[in-house]
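S.K.: Pasting the sequence and the predicted model now:
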Amino acid sequence: MSLGYVALVLHAHLPFVRHPESDYVLEEEWLYEAITETYVPLLQAFDGLKRDGIDFKITMSMTPPLVSMLMDPLLQDRYDEHLSQLEELAEREIDRHAKNSHMKYLAEYYAQEFNKVRNTWEACDRNLIGEFRKHLESGNLEIITCGATHGYMPLMKMYPQAVWAQIQVACEHYEETFGRAPKGIWLPECAYYEGVERMLADAGLRYFLTDGHGILYARPRPRFGTYAPIFTEAGVAAFGRDHESSQQVWSSVVGYPGAPEYREFYRDLGWDAEYEYIKPYIMPNGQRKNVGIKYHKITGKGVASSDKQLYDPYWAKEKAADHAGNFMINRQQQVEHLQNVMGRKPLIVSPYDAELFGHWWYEGPWFVDYLCRKSWYDQNTYDMTHLADYLRTNPTQQVCRPSQSSWGYKGFHEYWLNETNAWVYPHLHKMAERMIDLARMDPEDELQERALNQAAREVLLAQSSDWAFIMRTGTMVPYAIRRTKSHVQRFTKLYEDLKEGKVDSGWIEKVEAIDNIFPNIDYRVYRPL
C-alpha cells in the first residue's frame, strides 16, 4: 500500500498564431519548435512507456489554440517544410564537420533525432492530437481543458458573459476534439477569482488548478494545506501547486535545468555559423534566428557564451536519469513525512508548462520518461495519479473558499496589468460590452450570423493573456501589440457593419480564412447568463 500520491501536470499552450496571408511569419515557428522539441518527444516517451508495460499517469492540459493549430492543414504543411529544412541542414552539418569528431557526432545525433521526429509525424499522418487521444483513451493520459484563448479571467470578471464564453467555448471545443466532456480545467495563468467556480460547475467541470497560495489563504484555512484538494461551495474541487517540487524543476538557481551537462538554450547555430552558409535557413529577409541546432552545453554558472564546451547527449541523458531519481527520492521523503503529520495520504501536485520539457529544457522529455519508469519500478511509497482519479477515490474533502491568486510574479494580477499593457484593457472591456450587445441580435440571414460568430472569435482572440504577457516580458512586443490591435479593429468593423445592417461578404470571407479558430462557435454564448 502506498503512503500518498504524486500528480504530474503539464500545461500545453501556445497562442493562436496562423498567417495564411503571409508566406513567412517568424512567430509561427513557436509551434514548429514546440512540435519538434516538446510534443513529438513527449509522445515518443508515452509510446515507449506503453510499449514497455508501464501504466503511467500524467495529466495534461491542451488549450484550444494549441489543439486548433496542431490540427490545421496549412500549419501542418508549413511544419513539413520547416522539418525538411532542419533535416537538410543537419545533413550539411555532417559533411561540414567530417574532420571534427565531436561536432560530427553531434551533427549525426541531430540528423537522427530529426529523422525520428519525421517518422513519428508521418506514422500518425500528421495527426498529433489523434496520438494524444489514444493515450487519453488508454487511461494513461488525462487531458483537461483551459480558457478558450487563455483569457485572463480575473481581469474580465466585471463581464460574466465574457468569462462564461471563455469556459463554455473551451468545453465545447474539447468535446468536438476528444469525443467526451472535460473533467477539469487549468485556469489560464492559474488565475482564480471568487465566483468563477460557479461557472465551472455550470459547465460540468469537476476541478481546477490554482497556485499554492490560492489554497493556503483559503477561508477557512485548509487543514492539509496544498497536500489535499479543497471543495468550493459550488462543489468544484481546487488543486494547489506544491512549492517544493515546483522549485526543483522551475528554479533558475537550484532547479535541474541549470545543470552544466545540459544543452545551452541560448547558443544556436543560427547565430554561430558563417552568414552565407546559414543564410538559406534563417529569415527570408536575411535576419538571423535560432534554427534549433545547438552544439554547446551550459558548462557552468558565469561561463561566457564563447567559452561554452561542446554538448554530449549521452552524458546529458545520464544526468536526466540522475535528476529523475533525485525527484523520486524527494517525493518519497516528502510523502512519508506528510503522511505522518497528516494522518492520511498526501497528494503532491506538480504542475509545469509543457514547453519547459524539450524546448527550454531539452532533456525534459527524458526526465519525464525516467521519472515514470523509476516511479513504476523503484519505489512503492507513492502512486502517480490523475487528478480526476484522485477525486474518485478520495471523494471527501474540506469545503473552503479559495483566495484570489495566479502563478505569475508576486502571485496575483500584476504581471498582466501594469504600465506596459494597461492600455489593452479599456479596448477589451469595450469589446466585451459590445459583444454582449450583439449577442441579443437574431440574424436576418446566414451572412449576418457569420458576422456575429466572427465577432465572437475576434473578442476571444484579443483576450489571450499571451499578448499582455509578451508586452510585460519585453520580447516580441511589436507582434503582441499588432495582434491586439488587429483583433480590436476587425471586431470594431464587424460591430459597426452589423449595427448599420450592411455586412461586407468579401471582407468577412477573408477574416474567416485568417482567424478560423472555433469553426462551430455560436455567438449566443455571450447572451446574458
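M.R.: On my side now, so go ahead.
S.K.: Off-centre distance for the helix or strand containing residue 130?
M.R.: Taking DSSP states H and E as the criterion, the element that holds residue 130 is helix 128-137. Taking C-alpha atoms, centre = their mean, to the nearest Å, one finds helix 128-137 lying 16 Å from the centre of the chain it belongs to.
S.K.: Please work out which residues outside that helix touch it.
M.R.: Outside helix 128-137, the residues that touch it by C-beta atoms under 8 Å, 6 or more residues apart in numbering are 35, 39-40, 43, 46, 50, 60, 62, 67, 70-71, 120-121, 124, 141-143, 177-179. Heads up, the C-betas are built off the backbone N, CA and C, glycines and all.
S.K.: what angle do the helix or strand that that helix is followed by and helix 128-137 make?
M.R.: Moving toward the C-terminus from helix 128-137, the next helix or strand (DSSP H and E) is strand 141-146. Comparing the axes of strand 141-146 and helix 128-137 via axes from the mean of the first three to the mean of the last three C-alpha atoms, to 10 degrees yields an angle of 120 degrees.
S.K.: Strand 141-146 pairs with which strands, and in what direction?
M.R.: The pairing partners recorded for strand 141-146 under DSSP bridges are strand 58-62 (parallel), strand 184-186 (parallel).
S.K.: could I have it exported to CSV, CA atoms only?
M.R.: Only the C-alpha atoms of strand 141-146 are listed here, as CSV (Å, rounded to 0.1, in the frame of the first residue of the first chain):
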residue,chain,number,x,y,z
LEU,A,141,-3.1,10.5,-20.1
GLU,A,142,-5.8,12.7,-18.6
ILE,A,143,-6.3,15.6,-20.9
ILE,A,144,-8.1,18.7,-19.5
THR,A,145,-9.1,22.0,-21.0
CYS,A,146,-8.3,25.7,-20.4
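S.K.: Buried residues in stretch 246-253, which are they?
M.R.: If you call a residue buried by 16 or more other C-beta atoms under 10 Å, then stretch 246-253 has these buried ones: 246, 248, 249, 250.
S.K.: how far out from the middle of the chain is it?
M.R.: For stretch 246-253, the separation from the chain centroid amounts to 18 Å (computed by C-alpha atoms, centre = their mean).
S.K.: and that stretch, what's its mean pLDDT?
M.R.: Mean per-residue pLDDT for stretch 246-253: 82.
S.K.: Check what contacts it and list those residues.
M.R.: Taking C-beta under 8 Å, 6+ apart as the rule, stretch 246-253 contacts 254, 255, 256, 257, 258, 326, 327, 330, 350, 351, 352, 356.
S.K.: Grab the longest helix from the chain for me.
M.R.: As assigned by DSSP state H, the longest helix anywhere in the chain is helix 313-342.
S.K.: Rounded mean pLDDT for that one, please.
M.R.: Mean predicted lDDT for helix 313-342 stands at 98.
S.K.: and the lowest-mean-pLDDT helix or strand in the chain with helix 313-342, angle?
M.R.: When the helices and strands of the chain are compared on mean pLDDT, DSSP states H and E, helix 243-250 comes out lowest with a mean of 90. Comparing the axes of helix 243-250 and helix 313-342 via the same axes, to 10 degrees yields an angle of 170 degrees.
S.K.: centre of the chain versus the helix or strand where residue 76 lies, how much separation?
M.R.: For residue 76, the host element (DSSP H and E) is helix 73-96. The gap between where helix 73-96 is centred and where its chain is centred comes out at 24 Å by C-alpha atoms, centre = their mean.
S.K.: residue at max distance from the center of the chain?
M.R.: residue 99 (41.1 Å; C-alpha atoms, centre = their mean).
S.K.: where's that residue relative to residue 506, distance?
M.R.: To residue 506, residue 99 is 59 Å away according to C-beta to C-beta, to the nearest Å.
S.K.: before we move on, what about residue 62?
M.R.: For residue 62, the distance to residue 506 (C-beta to C-beta) stands at 35 Å.
S.K.: Residue 370 now?
M.R.: Counting by C-beta to C-beta - residue 370 and residue 506 are separated by 55 Å.
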